[in-house]
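Enquirer: Mind looking at a prediction? Sequence and model below.
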Amino acid sequence: MNNQSPNQSLNKSQNLTPTQKALSGLSKEQISNVLVRELGWEKYRVNQIHSWIYSKSSADFEEWTDLSADKRELLSEKFQIPLLKVVNHQISGKDGTEKFLFELSDGNVVESVLMCFEDRDNLTACISSQVGCAVGCPFCATGKLGLKRNLTAAEIVDQIMSIQRTTNKRISNLVFMGQGEPLHNLDNLLEAIQIIRDSIAIGVRHITVSTSGLIPQILELGKTKMQINLAISLHTADQDLREKLVPIAKKWNLFDLMRSLNEYFQMTGRRITFEYTLLKDINDTDEQARALCDLVRDLPFPCLINLIPYNSTGGEFQRPDRSQVSKFKSIVERSGRKVTVRVTLGNDIDAACGQLANKAIENK
Ligand code: SAH
Ligand code: SF4
């Protein structure tokens, strides 16, 4: 049974009034700009406030007792802590996965997911990078929304802080596999990753960015030499089929994509993950498995293949039978590459891969 708890963590102070700026989701430098440059406060206040926001996860100025009452009042007049408003928070009765629907200050909404894997103590959050997505993969619920806009770095960062504040849990791993194509919003993504690393203290090796395969941005990311994990949504080794499943493949073909991934590996030394959403009778056949096996066997860089059995989004696609998933896996394993099958989490609350479509707003 779904544990629906709309407005569970809503409080009045989360409504941003137009004259108030958000103080969360900012880097230390940005906090300093606000406090020292705009308000003329002493520099040491920056560390104090940074610590309240990030280390103590406090969204209540009243708790900031190392500031005088006057200062706290001034802050509460001018600023708000949460940038995002939690408008829905659902918890899966099946596996404990939590889904959050956030409202942005312009009224747009995005979703994030908190996943708990049975075999691990650590918590992974799946974060969005855009409102909607322009790529339009036909099996993905977000793709059907189209692109509305990029998220700002602060909006990306505040998803993590909002989840931590709401659940009182500490996130240790992040995957940019929520709504949006992260590399279509590369500048804000990079800025957010720096704030996440420096202020939330989640190491870049614990961060995974998943992309549909935008070659120039993959190379740009490689140049930063950042030690993040890169996941590529491959879905087939056949160029013609890929153009249908991942429309951006018409612009960035498989051959050039593999070449750019090799360059990426040369620059970063990081293994690449290939994601492969298995769609019954479309890309899950033995023939498709052999084509994938041939492709990955010969690649000059280390890679891992992650198979994702399709999660329903209400369209014409279907999830393959378990036996076909196993068969597909064993054929691809002949390449000598490691192949894993992603565990499905949160599908009872539409929180599994590809199911994020802001459905809860229909009930608002
Ligand atoms: N936009 C990025 C990341 C988001 S989705 C990207 O496409 O890479 C994370 C993964 O889930 C991607 O590999 C995506 O193709 C896959 N996915 C999308 N819809 C799915 C669905 N309905 N079932 C299973 N996987 C899906
Ligand atoms: Fe966009 Fe990724 Fe969904 Fe494709 S799978 S539409 S790239 S979010």
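Expert: Cool, the structure landed. Residues are numbered from 1 along each chain as shown. Ligands and ions are numbered 1, 2, ... in the order given.
Enquirer: going forward, measure contacts and count neighbours with C-alpha atoms only.
Expert: OK.
Enquirer: Now do the helices in the chain.
Expert: Shown for the chain, the helices assigned by DSSP state H span residues 28-32, 44-50, 69-78, 153-167, 186-195, 215-223, 239-245, 254-268, 286-297, 322-333.
Enquirer: got TSV for those, with mean neighbour count and distance to ligand 2 too?
Expert: Below are these laid out as TSV (neighbours: other C-alpha atoms under 10 Å; distance: least, C-alpha to the nearest ligand atom, whole Å):
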stretch	mean neighbour count	distance to ligand 2
helix 28-32	17	30
helix 44-50	16	32
helix 69-78	14	36
helix 153-167	23	15
helix 186-195	20	14
helix 215-223	18	13
helix 239-245	17	8
helix 254-268	18	15
helix 286-297	18	19
helix 322-333	17	20
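Enquirer: interface residues of this protein facing ligand 1?
Expert: Taking C-alpha under 6 Å from any ligand atom as the contact definition, the chain meets ligand 1 at 139-140, 177-178, 180-181, 210-212, 232-233, 275, 277, 308-313, 353-355.
Enquirer: out of those residues, which touch ligand 2?
Expert: Answer for those near ligand 2 (C-alpha under 6 Å from any ligand atom): 140, 180-181, 212.
Enquirer: Same list, the residues you listed, but as TSV with neighbour count and pLDDT please.
Expert: Output for those, formatted as TSV (neighbours: other C-alpha atoms under 10 Å; pLDDT from 0 to 100):
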residue	neighbour count	pLDDT
Cys140	24	95
Gly180	31	97
Glu181	28	98
Ser212	22	98
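Enquirer: Name the residue of this structure that lies nearest to ligand 2.
Expert: Closest to ligand 2 within the chain is Gly143: 3.4 Å, counting by C-alpha to the nearest ligand atom.
Enquirer: which residues does that residue contact?
Expert: 132-137 (C-alpha atoms under 8 Å, 6 or more residues apart in numbering).
Enquirer: again, 6 Å this time
Expert: 133, 136-137 (C-alpha atoms under 6 Å, 6 or more residues apart in numbering).
Enquirer: Which residue is the nearest non-sequential neighbour of it?
Expert: Distances taken as C-alpha to C-alpha, 6 or more residues apart in numbering put Gly136 closest to Gly143, at 4.0 Å, once the chain neighbours are dropped.
Enquirer: That neighbour - how many residues pack around it?
Expert: 21 (other C-alpha atoms under 10 Å).
Enquirer: pLDDT score for the residue nearest to Asp294 when sequence neighbours are not counted?
Expert: Leaving aside its sequence neighbours, Asp294 sits nearest to Ser335 (C-alpha to C-alpha, 6+ apart; 6.9 Å). The per-residue pLDDT reported for Ser335 equals 98.
Enquirer: Same check on Gln48?
Expert: pLDDT, Gln48: 95.
Enquirer: State the distance from it to Leu257.
Expert: The gap separating Gln48 from Leu257 is 46 Å, by C-alpha to C-alpha, to the nearest Å.
Enquirer: what's the answer for Ser55, then?
Expert: Ser55 sits 40 Å away from Leu257, going by C-alpha to C-alpha.
Enquirer: any idea how far the residue in the stretch 1-150 of the chain positioned nearest to ligand 1 is from Ala357?
Expert: Nearest residue of the stretch 1-150 of the chain to ligand 1, counting by C-alpha to the nearest ligand atom: Cys140, 3.6 Å away. Plainly put, Cys140 is 9 Å away from Ala357 if you go by C-alpha to C-alpha.
Enquirer: Please list the residues of the stretch 51-200 of the chain that sit near ligand 2.
Expert: So far as C-alpha under 6 Å from any ligand atom goes, the stretch 51-200 of the chain lies against ligand 2 at 133, 135-137, 140, 142-143, 179-181.
Enquirer: Relative to Lys251, which of those residues is nearest.
Expert: Of all those, Val135 has the smallest distance to Lys251: 11.3 Å, by C-alpha to C-alpha.
Enquirer: Leu356: how many residues sit nearby?
Expert: 26.
Enquirer: residue with max distance from the center of the protein?
Expert: Asp70 (38.6 Å; C-alpha atoms, centre = their mean).
Enquirer: ok, His235 - contacts?
Expert: Each residue near His235 by C-alpha under 6 Å, 6+ apart is listed here: 276-277.
Enquirer: try it again with 7 Å
Expert: Counting by C-alpha atoms under 7 Å, 6 or more residues apart in numbering, His235 makes contact with 242, 275-277.
Enquirer: And for Leu254?
Expert: Counted by C-alpha under 7 Å, 6+ apart, Leu254 has contacts Gln239.
Enquirer: ok, it to Asp238 distance?
Expert: Per C-alpha to C-alpha, Leu254 is found 8 Å from Asp238.
Enquirer: again, but for Ile196
Expert: On the measure of C-alpha to C-alpha, Ile196 and Asp238 end up 37 Å apart.
Enquirer: With neighbour numbers in mind, choose between these two.
Expert: Shown here are Ile196 and Asp238; by other C-alpha under 10 Å, Ile196 has more neighbours (26 against 15).
Enquirer: what's the closest non-adjacent residue to that one?
Expert: The shortest distance from Ile196 to any non-neighbouring residue, by C-alpha to C-alpha, 6+ apart, is to Ile202 (6.0 Å).
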